[in-house]
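*Asks:* Please work out how this folds:
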Amino acid sequence: MAGTDKERIMIAEGPAIVLVEPQMGENIGMVARAMANFGLSELRLVNPRDGWPSTKARATASGAAHVIDCARVFATLEEAIGDLKLVLATTAREREMFKPVYGPREAAGKLREAFAAGISCGVLFGRERWGLKNEEVALAQAIITFPVNPGFASLNLAQAALLLSYEWMSAEAGDRPTFSAPMPEPASNRDLVGLMEHLESALDATNYFHPPEKREKMVLNLRNILAKANLGEPEVRTLRGVIASLERRWLRESKA
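*Replies:* The predicted model follows:
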């Protein structure tokens, strides 16, 4: 990632991620890593199968120690979400419940609105093998479902958390990249025409334009290619240097 250490600010906020009876420490760790990647930090675990803390979770978190260290464990889902005012439940299956159903992007927008208003919120993720039970989904105010292949809708727990976490960050950043690359000064039309004429002159010397009656069309094609490339000044200079180098080589070969 570009930038100085001073610019690398750790974002740690947002809704709680609640994992209901997660079965593997490795998956918990990968969820923590996904959360940290996209600025989420509050992890709540409901009755993890292999107990807590977990060395496997810490290993697969790959440096997301702040998420692992602050994870909280609850005996029941009701306890885990007792202080939350907006809870969304993730599921790939229709539940026949009278609840709003959001895609991940719309859900992230709703969560952003709630977070900005100071409303405590969280997202439920179910067990790796069969997800959430109906009675668990019933505790949520709305449902999140992901646009997946209907014939293969099962997502890995960490994948599902990653998708939601990404949309959370995108809802704030507007899908802007975290850094930009320097762009060269655009070449002037004078420089661009000079490149075109230089290339055409070099190609004339090698009898590239053959047969002669097609020369005009071939030149137009080459000029269109160069014009559409939106070349910068350094790029024009580089290409002219390449052409000049080839000209010198052709001259040496012609004299050999």
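
*Asks:* So in this structure, which helix runs the longest?
*Replies:* helix 233-255 (DSSP state H).

*Asks:* how about that helix: buried residues?
*Replies:* Within helix 233-255, the residues scored as buried using 16 or more other C-beta atoms under 10 Å are 235-236, 239-240, 243. C-beta here means a position set from N, CA and C on the backbone, and glycine is covered the same way.

*Asks:* any residues touching it, and which ones?
*Replies:* Helix 233-255 has contacts (C-beta atoms under 8 Å, 6 or more residues apart in numbering) with 184-188, 191-192, 194-195, 198-199, 202, 205-206, 229, 231.

*Asks:* Export only the CA atoms of it, formatted as CSV.
*Replies:* What follows is helix 233-255, C-alpha atoms only, in CSV (Å, rounded to 0.1, in the frame of the first residue of the first chain):
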residue,chain,number,x,y,z
GLU,A,233,4.9,13.5,-23.1
PRO,A,234,7.3,11.0,-21.6
GLU,A,235,5.7,8.2,-23.6
VAL,A,236,6.0,10.1,-26.9
ARG,A,237,9.7,10.7,-26.2
THR,A,238,10.2,7.0,-25.4
LEU,A,239,8.6,5.9,-28.6
ARG,A,240,10.5,8.3,-30.7
GLY,A,241,13.7,7.1,-29.1
VAL,A,242,12.7,3.5,-30.0
ILE,A,243,12.1,4.5,-33.6
ALA,A,244,15.4,6.3,-33.7
SER,A,245,17.2,3.3,-32.4
LEU,A,246,15.6,1.1,-35.0
GLU,A,247,16.5,3.5,-37.7
ARG,A,248,20.1,3.4,-36.7
ARG,A,249,20.0,-0.4,-36.8
TRP,A,250,18.4,-0.5,-40.2
LEU,A,251,21.1,2.0,-41.4
ARG,A,252,23.9,-0.2,-40.2
GLU,A,253,22.4,-3.3,-41.7
SER,A,254,21.9,-1.5,-45.1
LYS,A,255,25.6,-0.6,-45.1
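
*Asks:* quick one: buried residues of stretch 126-146?
*Replies:* Buried-residue list, stretch 126-146, by 16+ other C-beta under 10 Å: 126-128, 131-132, 136-137, 140, 142-146.
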